[in-house]
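In: Mind folding the following:
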Amino acid sequence: MELREIQPGETSDIRQVARESLTASYGGAFDETMVDDLVEQWYDEETVEELVDDESALLIAAANDDVEGYAQGEILSGETVIGDVQWLHVRPGARGERVGVQLLGELVDRMENRGASRVRGRALAVNEDGASFFAEHGFEHRESRQVDIGGKEFEEHVYEKAIAAEESEDVVGTVEGPDGQKLYVDYTAGDTGVEAPMYPTYTDSDMDEEYGWFCSNCGAAETAMDSAGRIKCQHCGNVRTATRWDGSYL
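Out: Residues are numbered from 1 along each chain as shown. This next block holds a predicted model:
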């Protein structure tokens, strides 16, 4: 099995693996139209070609020139650098051959080399195999949240683990809110932004009472969210990209 970076012209291979993997993992929850729409929107030609050159890691697992799986991740830089595993797909026929294990291991190694001290992965609750996969590789369940997919609500589990020998202790910070109030920033839970990551804020140190989001691009805690889940900084215009399950991608 060869692990390598994606090459130009492999869009159709990526799309086929994604379609087969999503159907196998979520076929009981997603109908065929939903799977097709998700693949078409997320892995159109332009998007995949951009991944060849940008900082998002998209690794291919190939056997005899056939793409058997791929892993996609991104680095979220902040007080704590997070390696975000956005997708990990393996063809159903290649499952059980440690393709996913090799892809995850290589992706995590690359993230650690780029300064990540923690790595994060996600799977819907209906995908029991996904939950087991993360647990078997040292990930702990961090939180669960509701996500909208094609107008339906699903529960998504978030898993994390430390990957650096000495992780920074500074995972919670404080900032001043729009009205001068003290807000607590969770630097372990950032989401990708167009300019820089955004992090959730809370009004209490136990982080039970949610407030909003902190923009690490300009240091402001004044943001607005639209119905599709996109968050925009009211000061610099930085935008948190819609999450991978948002209805805008379907």
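In: Would you state the helices of this protein in chain order?
Out: For the chain, helices defined by DSSP state H occupy the ranges 11-26, 32-42, 45-53, 99-113, 128-136.
In: how many other residues sit next to residue 1?
Out: Here the count is done by other Cβ atoms under 10 Å, and residue 1 has 14 residues near it. No exception for glycine: its C-beta is placed from N, CA and C like everyone else's.
In: And the residue nearest the centre of the protein?
Out: For the chain, the residue nearest the mean C-alpha position is residue 86 (3.3 Å; Cα atoms, centre = their mean).
In: Would you check that that one makes contact with residue 72?
Out: Yes: with contacts counted by Cβ atoms under 8 Å, residue 86 reaches residue 72, the gap being 4.9 Å.
In: ok, now how distant is the residue nearest to the centre of the chain from residue 178?
Out: 31 Å (Cβ to Cβ, to the nearest Å).
In: hmm, back to that, residue 201: which of the helices of the chain is closest?
Out: helix 99-113 (24.9 Å; Cβ to Cβ).
In: Quick one: low-confidence residue ranges for this protein.
Out: Scanning the chain for pLDDT under 70 picks out 52-56, 165-171, 226-229, 241-250.
In: all strands in it, in order from the N-terminus.
Out: Assigned by DSSP state E, the strands in the chain fall at 2-5, 57-63, 66-76, 82-90, 118-124, 140-149, 152-162, 172-176, 182-186, 198-202, 210-215, 223-225, 231-233, 239-240.
In: Is it possible to get a markdown table of the ones you listed that adds distance to residue 132?
Out: Output for the strands of the chain, formatted as a markdown table (distance: least, Cβ to Cβ, whole Å):
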| stretch | distance to residue 132 |
| --- | --- |
| strand 2-5 | 23 |
| strand 57-63 | 20 |
| strand 66-76 | 17 |
| strand 82-90 | 13 |
| strand 118-124 | 9 |
| strand 140-149 | 12 |
| strand 152-162 | 11 |
| strand 172-176 | 30 |
| strand 182-186 | 27 |
| strand 198-202 | 27 |
| strand 210-215 | 30 |
| strand 223-225 | 33 |
| strand 231-233 | 32 |
| strand 239-240 | 30 |
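In: between the ones you listed, which one is nearest to residue 134?
Out: strand 152-162 (4.2 Å).
In: in that closest one, what counts as buried?
Out: 154, 156, 157, 158, 159, 160 (16 or more other Cβ atoms under 10 Å).
In: Check stretch 94-110 too.
Out: 94, 95, 97, 99, 100, 102, 103, 104, 106, 107, 108, 110.
In: Any idea how far it is from the middle of the chain?
Out: How far stretch 94-110 lies from its chain's middle: 16 Å, per Cα atoms, centre = their mean, to the nearest Å.
In: how near is the residue lying closest to residue 235 once chain neighbours are set aside to residue 177?
Out: Residue nearest to residue 235 in three dimensions, not counting chain neighbours: residue 220, with 4.1 Å by Cβ to Cβ, 6 or more residues apart in numbering. From residue 220 across to residue 177, the span is 10 Å (Cβ to Cβ).
In: So which of those two has more stuff around it?
Out: With neighbours defined as other Cβ under 10 Å, residue 220 and residue 177 compare such that residue 220 has more, 19 against 16.
In: domain parsing for this protein?
Out: Per automatic domain parsing, the structural domains of the chain span 2-166, 172-240.
In: The shortest one spans what distance, first to last residue?
Out: Using Cα to Cα, to the nearest Å, one end of domain 172-240 lies 20 Å from the other.
In: try stretch 72-91
Out: Using Cα to Cα, first and last residues of stretch 72-91 are 15 Å apart.
In: Report the buried residues of it.
Out: 72-76, 78-91.
In: go on, stretch 21-33?
Out: Buried residues in stretch 21-33, counted by 16+ other Cβ under 10 Å: 21, 22, 23, 24, 25, 26, 30.
In: now the residues you listed in JSON lines, with distance to residue 232?
Out: Formatted as JSON lines, these follow (distance: Cβ to Cβ, whole Å):
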{"residue": "21", "distance to residue 232": "32"}
{"residue": "22", "distance to residue 232": "29"}
{"residue": "23", "distance to residue 232": "34"}
{"residue": "24", "distance to residue 232": "36"}
{"residue": "25", "distance to residue 232": "32"}
{"residue": "26", "distance to residue 232": "30"}
{"residue": "30", "distance to residue 232": "29"}
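In: That concludes my questions; thank you for your assistance.
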